[in-house]
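A.B. asks: this is the structure alone, sequence omitted:
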């Protein structure tokens with residue numbers, strides 16, 4: 001995750017490109033989700049900016065601890081699903097998939 005407050009759309013995509021890796025599945029961007037911090041707070045989560053491994057890097061912390069691994073996974077998936085369906089969470093698609101070698105479209 002990256003803290004994107006006050007950034008242009010192009011600046012946000014540039015952060016995403018700079019964070020791309022070379023391993024399969026981590027070398028192309030197909031979309032992004034813009035999640036307002038207030039929605040994380042509603043789920044009792046927090047966004048903590050740590051700037052590591054890149055500037056504006058942010059961790060989401062406060063995920064509920066549940067004894068069983070499978071139960072924890074199900075609960076976390078449910079929280080993510082609820083966030084993804086919230087009207088203030090925006091799915092943003094680039095015109096075409098983005099890789100380090102591609103040009104960003106404006």
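C.D. replies: Yep, it's here. The structure presented is a predicted model; accordingly, all values stated were derived computationally and were not measured.
A.B. asks: in stretch 37-48, what counts as buried?
C.D. replies: Across stretch 37-48, burial judged by 16 or more other CB atoms under 10 Å covers 39-40, 43, 45, 47. (C-beta placed from N, C-alpha, C; glycine too.)
A.B. asks: which one of these sits closest to residue 7?
C.D. replies: Nearest to residue 7 out of these is residue 47 (CB to CB; 14.7 Å).
A.B. asks: name all residues that make contact with the closest one.
C.D. replies: The neighbourhood of residue 47, defined by CB atoms under 8 Å, 6 or more residues apart in numbering, consists of 1, 3, 37, 40, 58-60.
A.B. asks: possible to save the buried residues of stretch 37-48 as TSV with secondary structure, distance to residue 23 and pLDDT?
C.D. replies: Formatted as TSV, those follow (DSSP: H, G, I helix; E, B strand; the rest coil; distance: CB to CB, whole Å; pLDDT from 0 to 100):
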residue	secondary structure	distance to residue 23	pLDDT
39	helix	30	97
40	helix	28	97
43	coil	30	97
45	coil	27	98
47	strand	26	96
